[in-house]
Each structure stands twice: as structure tokens, then as C-alpha cells.
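*Asks:* here's my sequence, what's the structure:
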Amino acid sequence: MVDFQYASHYTVEDLRRIMEALRAPDGCPWDRAQTHQSIRENMLEEAYEAADAIDRGDVDNLREELGDVLLQVVFHAQMAREEGRFTFDDVVDGICRKLIFRHPHVFGAQTAGDPEGALSAWDAQKRREKGQRTTADAMDSVARVMPALMRAEKLQGKAAKAGFDWPEIGPALDKVSEELSELRRAVEENTNVEEELGDLLFAAAKAGRFAGVDPEHALQLACDKFIRRFRRVETLADKPLDQLDLPALEGLWRRAKEET
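*Replies:* Just a heads-up that it's a prediction; the model follows:
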């Protein structure tokens, strides 16, 4: 058993000491066995769960999920400390320096009268900090593990800021139709289907930007709607779905769609 002082209220310093104890030779076998790569998915999962709490307006759950996200930060920092690479204090120092540098309108002589001006100042400082000389350089910095629709929206936003965009939504919708036709042809010819499907989704995200709709959120809503309607289909069916023919399934779907 490790030597640990219990308290009525814990701080970040306590969290660091707990993680250090868990990773110690006489600590937890599971925690000691982990690597940056082995808990990579945990970081993503906890971030998504925190986002889900935000979407549901669940403040109590958000507090818990933010703690889980913080745990991942401390976990990775402890492993890096053991490797002699960096410490939790280095992480904090880095983000503090970044915030100061990227807010010249707060900590420097620049001014920003609205959120758009502040964001422009942030983007300009970020490009300077990262040595991004072109918009393509900035695009390369968008994380590839980000959900694809979200990544597409960010890439398109950067292109638009550089002046590479249509003036209104019409051409964007025409592009969706064009890509759909190309996907149909690809399926018929059984060639380049993946590429053409990607082009269609990218074009749809572009149309969403013009409509002021977050494509990632729109698809999440569509998924939720599909679950509601599918649940109703199962309720309406008088036998397992795999025992019904296509016309029967389509009929059930139409009823579910009318009712939900």
C-alpha cells in the first residue's frame, strides 16, 4: 500500500501525486503497463463524452467528464516525465505562453473590437508561431484524426479566408449534384467508388457551410433520427425484419417516417 494522505478536498497537485503513485513500482499494474499509444483512444473517448455532456446541458456530468479529460493530460504528462521528455509543469508553461502570444489584442498593443477580429489576430499569430507561410501549410496543421466532416469544414473555412470560395450557395449545391452523378457512374462502373463518395461528402460539407450548418452536427442529428425511426419500424413489424421482403420493409419505414 502506498503512503498517501487522504483529504476532504483534492487539488491538481493531489491528482499529480495520485498518478505518480499509480505509476510507481508498487502501484497499479494496469496503470504501470500503459503507454502513450495504448491510452490514445481513451483521450478521444473522454473528450467526446465531455462534448456529449455539453450537448445535453448536463452540468454535473460535464464536471465529471472534464475530470476524466484532465486525468488523461496528467497521465500522459507523468509518462513523459518518466521518459525524461517533459513534465506537467512544462505542459502548463507551454499553454500559458501560447495564450499570451496568440492574444496580442489582450497582452500586446493590438486591438480587436469583436470576436471576428480576435479570431483573426489568433489565426495570424498561430501562423507566425507555426511558421505557416501559405494557406496550404495551415491546412496541413489540421489534425487528420479529427472527424472527417469536421476536418472538411475547417479546411474549407481556411480556403475561404484565402479567397478561394464561391460567392453564394448555388454553385455549392450544383457541386453536390455533380458529385452525386459521378458517384452513380463510379458505382455502375465499379471504379473509384471510395474517391467519388469522399468527393460527395466533401461537397455536402461545403453546402452546409454556406447554409450556416455544422455538417458534423447535422449528420449526428440524422443518426439520431434514424435510430428513432428504426426503433419504430421494429415496433410496427409483426415478425423479425430479416423475414420481411423489401416492399414490406419500405412500407414500415414510410409509416415510421410519418409518425416520427
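
*Asks:* in the stretch 1-150 of the chain, which spans are helices?
*Replies:* Using DSSP state H, counting those that start in this stretch, the helices of the stretch 1-150 of the chain run over 12-23, 29-33, 40-56, 59-82, 88-101, 104-107, 115-130, 135-140, 148-161.

*Asks:* and the first one, how far from the chain's centre?
*Replies:* Right, the one you point to is helix 12-23. Mean-position distance between helix 12-23 and its chain equals 28 Å (CA atoms, centre = their mean, to the nearest Å).

*Asks:* just the fourth one next, same as before
*Replies:* On the basis of CA atoms, centre = their mean, helix 59-82 is displaced by 17 Å from the centre of the chain it belongs to.

*Asks:* buried residues in it?
*Replies:* Going by neighbour count (16 or more other CB atoms under 10 Å), the buried part of helix 59-82 is 62, 65-66, 69, 71-81. (Glycine included, C-beta is placed from N, CA and C.)

*Asks:* those: which two are farthest apart?
*Replies:* For these, the farthest-apart pair by CB to CB is 62 and 81; their separation is 28.3 Å.

*Asks:* tell me the pLDDT at residue 1?
*Replies:* Predicted confidence (pLDDT) at residue 1: the value is 63.

*Asks:* domains for the protein, by residue range?
*Replies:* Each domain of the chain is listed here as a residue range: 12-101, 214-260, per automatic domain parsing.

*Asks:* could you export these as CSV, including distance to residue 190?
*Replies:* Putting these into CSV (distance: least, CB to CB, whole Å) gives the following:
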stretch, distance to residue 190
domain 12-101, 34
domain 214-260, 23
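
*Asks:* the ones you listed: which one's closest to residue 192?
*Replies:* Using CB to CB as the measure, domain 214-260 is the one of the domains of the chain that comes nearest residue 192, at 22.6 Å.

*Asks:* and residue 102, backbone torsions?
*Replies:* Recorded main-chain torsions at residue 102 are phi -90, psi 0, according to degrees, to the nearest 10.

*Asks:* actually, residue 112.
*Replies:* For residue 112, the backbone dihedrals (degrees, to the nearest 10) come out as phi -150, psi 120.

*Asks:* list the contacts for it?
*Replies:* With contacts defined as CB atoms under 8 Å, 6 or more residues apart in numbering, the neighbours of residue 112 are 105, 118, 120-121.

*Asks:* again with residue 102
*Replies:* Residues near residue 102 by CB under 8 Å, 6+ apart: 121-122, 125-126, 129.

*Asks:* from these, keep the buried residues only.
*Replies:* With neighbours counted using 16+ other CB under 10 Å, the contacts of residue 102 contain these buried positions: 121-122, 125.

*Asks:* looking at those residues, which one is closest to residue 31?
*Replies:* When these are ranked by distance to residue 31 (CB to CB), residue 122 comes first, at 36.4 Å.

*Asks:* once you drop chain neighbours, what's closest to the closest one?
*Replies:* residue 102 (4.9 Å; CB to CB, 6 or more residues apart in numbering).

*Asks:* how about the helices in the stretch 151-260 of the chain?
*Replies:* Secondary structure of the stretch 151-260 of the chain, counting by DSSP H, counting those that start in this stretch: helices at 169-189, 193-210, 215-236, 246-259.

*Asks:* most neighbours per residue, which of these?
*Replies:* Among the helices of the stretch 151-260 of the chain, judged by mean count of other CB atoms under 10 Å, the one packed with the most neighbours on average is helix 193-210 (a mean of 18).

*Asks:* gap between that one and the chain center?
*Replies:* Using CA atoms, centre = their mean, the distance from the centre of helix 193-210 to the centre of the chain it belongs to is 18 Å.

*Asks:* angle of that helix against helix 148-161?
*Replies:* Between helix 193-210 and helix 148-161, the angle formed by their directions is 60 degrees, by axes from the mean of the first three to the mean of the last three CA atoms, to 10 degrees.
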